Each structure stands twice: as C-alpha cells, then as structure tokens.
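Visitor: Provided below for reference: sequence and predicted model.
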Protein chains: 2
Amino acid sequence: MLDDRKLAVLRAVVEDYVSTNEPVGSKALAERHNLGVSPATVRNDMAVLEEQGYITQPHTSAGRVPTDKGYRLFVDRLSQIKPLSAAERRAIETFLAGAVDLDDVVTRTVRLLAQLTRQVAVVQYPSLTRSTVRHVELVPLAERRIMLVLITNTGRVEQRVVELPEIVADDQVAHLRALLNASLDGCGLGRVPETIADLPDRLPEEDRPVAATILSVLLETLVDRHDEKVIFAGAANLAGDFSVGLREVLEALEEQVVLMRLLGEAGDHSALMVRIGSENPYSGLHGTSIVAAGYGSGDNELARLGVLGPTRMDYPVTMGAVRAVARYVGQILAGS
Amino acid sequence: MLDDRKLAVLRAVVEDYVSTNEPVGSKALAERHNLGVSPATVRNDMAVLEEQGYITQPHTSAGRVPTDKGYRLFVDRLSQIKPLSAAERRAIETFLAGAVDLDDVVTRTVRLLAQLTRQVAVVQYPSLTRSTVRHVELVPLAERRIMLVLITNTGRVEQRVVELPEIVADDQVAHLRALLNASLDGCGLGRVPETIADLPDRLPEEDRPVAATILSVLLETLVDRHDEKVIFAGAANLAGDFSVGLREVLEALEEQVVLMRLLGEAGDHSALMVRIGSENPYSGLHGTSIVAAGYGSGDNELARLGVLGPTRMDYPVTMGAVRAVARYVGQILAGS
DNA sequence: ACTTGGCACTCAGGAACACAGAGTGCCAGC
DNA sequence: GCTGGCACTCTGTGTTCCTGAGTGCCAAGT
C-alpha cells in the first residue's frame, strides 16, 4: 500500500521538517529532493500518507508535519544510523580518557553526550546489583561506631556508618573483615544475601550481635541503592527549541524514577532503543523522544544512557552519537 | 535626603511588584498600603526615588519597577528576614533526618531548598580542604595494583586506583597503612602534604618506591578535588517565571566554576550573602539574584549553599529559608 | 514648605481589518 | 498514472484606531 516513492516522500518530509522546523509543502519538497516528479504528484502521495496517519497538517493550507507514527516508520525502515566523524571519535576518546574515577567517568560522559547531540543527555550510574564485590572494609571510628565501606569491581564505593550494640576490640573487627572478604570477594551483589546468611554461625557466640548489626547494614546498603542514580546534563539545550511543556520536561528530568523508566529496561546489549513522542511512558514527555542504549564492560550490561530531545530530532545522527558513546564508555570501564 | 515616607514608598513598591509582577502605580499603591497620603504625594516621592535611581519605569506612563539599587536598599534596610513556620521547620527536620550518607544529605538538601523556595537551589559539597582525615585505607586489588580510599570526618570518601612500580606483599601494604593512619589521623587535609613529606624516610629502603607512588596519588587526590562539586535542583521553577535569558541561566547552572563563584567566598559564618542582579559576577545572570550562606558542623564553615531566582524574588522569605536550611544541615552533619 | 485635586499628555496593548503568500484539492488533458 | 492549471482556504503580518492606566505639572489649600 505504500510504494517506494511514497516512502521516499515520507523520508523527505521528515528530513526537511527536522532541518527547517517548518511544515513542508509539496513544491519545496519536489525541488529540494530530486524525486523526478511534479509537485502535484507529491501532493497526491501526501494525501495518501496523511490518510494513513504518517503525516498531518497543522491547519488547512499549511505544509505537512510527520506524526509520531511517521517518525517511527522513518526510524525503523527509512533511515540509517550515521556514524560519527573521525574528529568526533577522537574527541570522545581523549575526553573520556582523562577521567580519574567512576564519578568522573559518568560526569564526563553525560556532558560529552549533551554537547555532541546538542540535547539533554541522561546517564545512569553503573548498577550495583549487576557488579561484584571487590573488597569490604571496616574502619573503626569510635568505640561503638565503625564505618562500612563496600568497593565493587566497577570502582563504585558505598559507605555507611554503623552504630554497634556493644564495644568491640580492633582485632574482633579485623577478624570479621577478613571473614567477610574471604566469603564475598568476587561475589555478585545479587548473591550477597544468601552468601552471608550463615556467616554469624561461623563466629564465636559473643561476636554474633555485632556481626548481625553490621551485616544488616550491609544488606540495607544493597537494597537502598537498588533504585539507581541517574544524572543529566545539557538542560540549556531545551531553551532555544522547545515549543511548550518546558516546565514538564524539566520536572521529569529531576525525577529519578521517571528518568529510570525513560531509559528503559535492559534490552539486547548495545541495541538502541528509540521512544517517540506518545510512545513515552510519562505524559509530560509527549512531544519528546528518547534514544537510549545499554553500556557495560564486556558482555554484561551495567547501566543505560541516552538522550532526550524534541520529537523532531535528527534521529540518524543522534543514534550514531549514543551508540558510539555507549561503546567508548564500556571500553573505559572495562579498562580500569 | 530620603525621609521615612519615601522609604515606606520604596518598600511598598518592592513588595507590590514582587507579589504582582507588574509595574506598580501611584494610585494602587496609595490604596493598598495605608500610607495616609494621596496618590499625588506618592507620585512626587516616586519622582524623587526615580531620580536617585531606586526605581524606574519600563516606559512612559507605566508604573514603577525597583532597580537593582532599589532592591539593595530594601534588603539592607527595609526588610526583615522572615522565619519559617513551625510546619516548615518540622518538614525540614524530618526530611533531612532520613539521610543515610553524605551524598544523600546533600541531595536531600538541594531538593528541599528548591521546594521550599520554589526556586533553583544550589549546594556545594562539603569542602575537602577544610575537613580532616578520619581514615586511610589501602586495599590490594592485584599484585601491582591497590585501591587507595580516603575517608574524612564529614563522611566523604575519595578513592583512587594506584598502579605500583613493583610487586608488593600484603604485609608491606598493611605496614604502610598503619603508618599512614598513625600520622594522618585527625590531620586537616590542608596539612597533609607537609605531614607526609618525611614519611618515606621512616621506611626501610626497599619500600620507598612503592610508598612514594602511593603518596603522590594521595596528594593528587587532594589537589584534583580542590575544585569542589556543586549540584543544583529545581530548574523547573525557572520555566514559568523567567522573562528572558533562560538559556543563559541554564548554561550557567551547568558550569561548576560559575556556580562556585556565585556562592561566593566564605564569609562570616552563617552570614547571609545576597547578590542582586547586576551585582553578579557572571553576565548571563543579570536579572537573577542569589541568596547564599555557609554551612558547617559547629564553627568551621565547610561549604556553601543558596538559591538563585529572578531579581524580583521575595527576599525576606527566601533569606529565611536559606538560613534555616543552612543551620539544619550543619546540625545533621555535626551529628553524624 | 508640603500636600492635594485637576488636567492634559503619553504610550502599551488589544481589537478590527485588510492583504499577500504559501499550500491545498480537484479536474481535465496528456 | 502523471501533470499543469485554477479556485479556495487559511495563517501571519502590517496598519490603524482606541481605550485606559499612569504620569508630570500647576495652581490652590493648609
């Protein structure tokens, strides 16, 4: 029902509208893209495309604008992801290579992505639950107070102050630390609870209350952080462009929960996810699209990142940028 | 040269303009505030105030609007900081009390402040340089790789991976750790360099290269973080209000350096700093005002926080909120 | 020396109106 | 099935006019 030329027309409408931000008419379209047919023919095709719901006109006698459905077809079948230029790739590499710790990697990534796409970038911190324990440290602070530090293989560090039910000696602490590390080293965070379940039993009677307190805080740490942290950058890029709903968009960006859902569930590793306009789970963000991908070191996806922009964004370029950044971040993370 | 009534008129102009966001005329002013004089008299006073530069009219035959100079006088002499309501104070306490670690305290604070003032809140992380070492931890990761973890009395944790020049045994590491902690415990971060300067000399010859490497990374950590981290929240509050320059404001908010300068130098502890419109160091932020204060545990100021809003903000209320939040955060930090 | 009522003047913002231009839909002819 | 022509329909823009709020100034009153 949609022959090749009609698809070409749709592609042309999307491309022109994205670059000019104005409804595109049959005449201009027939000229700019050499379709080899007259404006009248284009008009007929447009009428069909409109009937099918791929494009629409803001008001009678204005040009046509793609609908969400139109963008969807464009992304799925009519466009090709555009790779970055060599210069851009070099810029990414050098910019990310300078990072000193995990925090720095994430911060740099989100800024990089925002700058590259001139849109709002969103990056999720590498998930705790999918990483493994590298080291557990217990630091005595006072007689009845110690600090619990958990270091993961992704370089993430979590710490908690623990109030103890009784006074403990330093060598008791040292013993517990050794025991914890022996059991947990390399253990996936998801498997920590079952791994330490029987640990108190392997201790002398008098140490158990203290151990139990510490372990419960440790478990709490894992649970608390189950909702992962997401940060964004490039909000300034919203200012020039957006027609309406700027407030809604900014509000959504500051809601961790919404952001998490936006980035989507973990999918195929390195597969790009695109959500267009009303496909969005959050009503304040109709009118915006999200391009997201997972990233990680090696095969396992640690977290997700993406960009958010107006529905009329340049999908091929944006998708290229997101994919490239996701890959580079993965490499950096694997290398450190 | 400005008698009491003229000051009263200025105050009235500021208050009315803040609450209505429209130029205020002589008639409305004489009615709403019972000044006991006629509109004509008010007009005369206004003419004088305008000549002196405290107010201005957007165009002939419109009401008057305060100038930056007018707001300045208002803040310095005509207004009184408005304390929070009991309900608000309770809300602050319960909201901040639930924080589990330093990161959480800062995040909650910035959101709280944004919500309370309905403006953009800005909070600086407690400064490393002004805090003291609580513990240094060395965690062996591989034969020639260890992780250095630095814990401060404000609960902040810094970590770095260190590549060593040679293979070290675990007990060597343990020895160095003990030595480090013995020398540095309670040491102000600013004094760390001098404190560890002679440390290699107190080690056996063969340990010195390793120690030197670790110490240099430790020093690097301190220097790197000298530029402190600043976060913001409540950007959505900009949307409804701001007339122009929204893009500039958002850009400024994402520039750490600009934010730092905005919050200002450490002043008298717990003294409120107010910067109005063009008093601002950054040209993109004329049209906005900043109310900031230092916060800390006990007497020493650890960092600063504040809010940013349109020049026509409600200064008494905003100042009250900033002061209150700064105090509560200080208490929370001291208690943990 | 201030304050006050009166009065003429100014100007932004809104309503009414006309008009040019872009774009469409449809039809007849190739 | 494509194309040129033509009548039609809108939005956006520019013009004009008018109202109303607000001012500045002046002369009179206290």
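Guide: Yep, that arrived. Residues are numbered from 1 along each chain as shown, chains lettered A, B, ... in the order given.
Visitor: below-threshold pLDDT in the stretch 101-250 of chain A: ranges please.
Guide: A:128-129, A:224-227, A:241-244 (pLDDT under 70).
Visitor: which bits of it sit near chain B?
Guide: The stretch 101-250 of chain A comes close to chain B at residues A:101, A:111, A:134-135, A:137, A:139, A:141, A:147, A:149, A:151, A:155, A:157-161, A:224, A:233-236, A:238-240, A:246-247, A:250, as judged by CB under 8 Å from any CB of the partner chain. Quick note: C-beta positions are derived from backbone N, CA and C, even for glycine.
Visitor: in PyMOL, select just the buried ones from those.
Guide: Buried residues within these, by 16 or more other CB atoms under 10 Å in any protein chain shown, are selected in PyMOL with:
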select buried, chain A and resi 101+111+134+135+137+139+147+149+151+155+157+158+159+160+161+233+234+235+236+238+239+246+247+250
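Visitor: can you list which of the residues of the stretch 101-250 of chain A next to chain B are found in strands?
Guide: In this view, these that belong to strands under DSSP state E are A:134-135, A:137, A:139, A:141, A:147, A:149, A:151, A:157-161, A:233.
Visitor: the residues you listed: which two are farthest apart?
Guide: A:Leu141 and A:Ala233 (35.3 Å; CB to CB).
Visitor: pull out the buried positions in stretch A:314-328.
Guide: By 16+ other CB under 10 Å, the buried positions in stretch A:314-328 come out as A:314-326, A:328.
Visitor: take these and write them to JSON lines, including distance to DNA strand C, secondary structure and pLDDT.
Guide: Converted to JSON lines, the buried residues of stretch A:314-328 look like this (distance: CB to the nearest atom of the strand, whole Å; DSSP: H, G, I helix; E, B strand; the rest coil; pLDDT from 0 to 100):
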{"residue": "A:Asp314", "distance to DNA strand C": "21", "secondary structure": "coil", "pLDDT": "96"}
{"residue": "A:Tyr315", "distance to DNA strand C": "22", "secondary structure": "helix", "pLDDT": "97"}
{"residue": "A:Pro316", "distance to DNA strand C": "24", "secondary structure": "helix", "pLDDT": "97"}
{"residue": "A:Val317", "distance to DNA strand C": "24", "secondary structure": "helix", "pLDDT": "97"}
{"residue": "A:Thr318", "distance to DNA strand C": "26", "secondary structure": "helix", "pLDDT": "97"}
{"residue": "A:Met319", "distance to DNA strand C": "28", "secondary structure": "helix", "pLDDT": "97"}
{"residue": "A:Gly320", "distance to DNA strand C": "30", "secondary structure": "helix", "pLDDT": "97"}
{"residue": "A:Ala321", "distance to DNA strand C": "30", "secondary structure": "helix", "pLDDT": "97"}
{"residue": "A:Val322", "distance to DNA strand C": "32", "secondary structure": "helix", "pLDDT": "97"}
{"residue": "A:Arg323", "distance to DNA strand C": "34", "secondary structure": "helix", "pLDDT": "95"}
{"residue": "A:Ala324", "distance to DNA strand C": "35", "secondary structure": "helix", "pLDDT": "96"}
{"residue": "A:Val325", "distance to DNA strand C": "36", "secondary structure": "helix", "pLDDT": "96"}
{"residue": "A:Ala326", "distance to DNA strand C": "38", "secondary structure": "helix", "pLDDT": "95"}
{"residue": "A:Tyr328", "distance to DNA strand C": "41", "secondary structure": "helix", "pLDDT": "93"}
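Visitor: for the stretch 51-200 of chain A, which residue gets nearest to DNA strand D?
Guide: A:Ser61 (3.1 Å; CB to the nearest atom of the strand).
Visitor: any idea how many residues pack against that residue?
Guide: Residues within reach of A:Ser61, counting by other CB atoms under 10 Å in any protein chain shown, total 6.
Visitor: backbone dihedrals for it, please?
Guide: Backbone torsions for A:Ser61, taken as degrees, to the nearest 10, come to phi 60, psi 40.
Visitor: what of A:Val230?
Guide: Phi and psi for A:Val230, reported as degrees, to the nearest 10, are phi -130, psi 130.
Visitor: what is the neighbour count of it?
Guide: The number of residues packed near A:Val230 is 23, by other CB under 10 Å.
Visitor: ignoring the adjacent residues along the chain, who's closest to it?
Guide: In space, not counting the residues next to it along the chain, A:Val230 is nearest to A:Leu259; the distance is 4.2 Å by CB to CB, 6 or more residues apart in numbering or on different chains.
Visitor: got the residues of chain A near DNA strand C?
Guide: Residues of chain A lying close to DNA strand C (CB under 7 Å from any atom of the strand) are A:23-28, A:39-40, A:43, A:46-47, A:50, A:57, A:60-64.
Visitor: which of those residues fall in helices?
Guide: A:26-28, A:39-40, A:43, A:46-47, A:50 (DSSP state H).
Visitor: between the buried residues of stretch A:314-328, which is nearest DNA strand D?
Guide: Of these, the one sitting nearest to DNA strand D (CB to the nearest atom of the strand) turns out to be A:Asp314, at 23.4 Å.
Visitor: who touches that closest one in this structure?
Guide: Applying CB atoms under 8 Å, 6 or more residues apart in numbering or on different chains to A:Asp314 gives the contacts A:18-19.
Visitor: for it, grab phi and psi.
Guide: When quoted as degrees, to the nearest 10, the phi and psi of A:Asp314 stand at phi -80, psi 90.
Visitor: roughly how far does it sit from A:Ser278?
Guide: A:Asp314 is 20 Å from A:Ser278, where distance means CB to CB, to the nearest Å.
Visitor: again with A:Ala97
Guide: Distance, A:Ala97 to A:Ser278, using CB to CB: 40 Å.
Visitor: how about the strands in the stretch 51-200 of chain A?
Guide: Using DSSP state E, counting those that start in this stretch, the strands found in the stretch 51-200 of chain A span residues A:55-56, A:65-66, A:120-124, A:133-142, A:145-152, A:157-163.
Visitor: now A:Glu137. Nearest residue, chain neighbours left out?
Guide: A:Glu137's closest residue in space is A:Val149 (CB to CB, 6+ apart), at 4.2 Å.
Visitor: touching, that neighbour and B:Val149? I think so.
Guide: Yes - here A:Val149 reaches B:Val149: they are 6.4 Å apart, a contact under CB atoms under 8 Å.
Visitor: next, the contact list for the closest residue to A:Ala235 other than its chain neighbours, please.
Guide: Spatial nearest neighbour of A:Ala235, excluding adjacent residues (CB to CB, 6+ apart): B:Leu250 at 4.9 Å. Applying CB under 8 Å, 6+ apart to B:Leu250 gives the contacts A:235-236, A:238-239, B:235, B:238.
Visitor: just the closest of the residues you listed to DNA strand D, please.
Guide: Closest to DNA strand D, out of all of the contacts of B:Leu250 and judged by CB to the nearest atom of the strand, is A:Ala239, at 20.6 Å.
Visitor: so what's the closest one up against?
Guide: Contacts of A:Ala239 by CB under 8 Å, 6+ apart are A:246, B:246-247, B:250.
Visitor: just these now: which is nearest A:Lys6?
Guide: Closest approach to A:Lys6 among these (CB to CB): A:Leu246, at 35.1 Å.
Visitor: residues contacting the closest one?
Guide: Neighbours of A:Leu246 in contact, by CB under 8 Å, 6+ apart: A:238-239, B:239.
Visitor: restricted to helices, list those residues.
Guide: Per DSSP H, the contacts of A:Leu246 map to helices at A:238-239, B:239.
Visitor: could those go into TSV alongside distance to B:Ile332?
Guide: Listed next are the ones in helices among the contacts of A:Leu246 as TSV, based on distance: CB to CB, whole Å:
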residue	distance to B:Ile332
A:Leu238	33
A:Ala239	35
B:Ala239	31
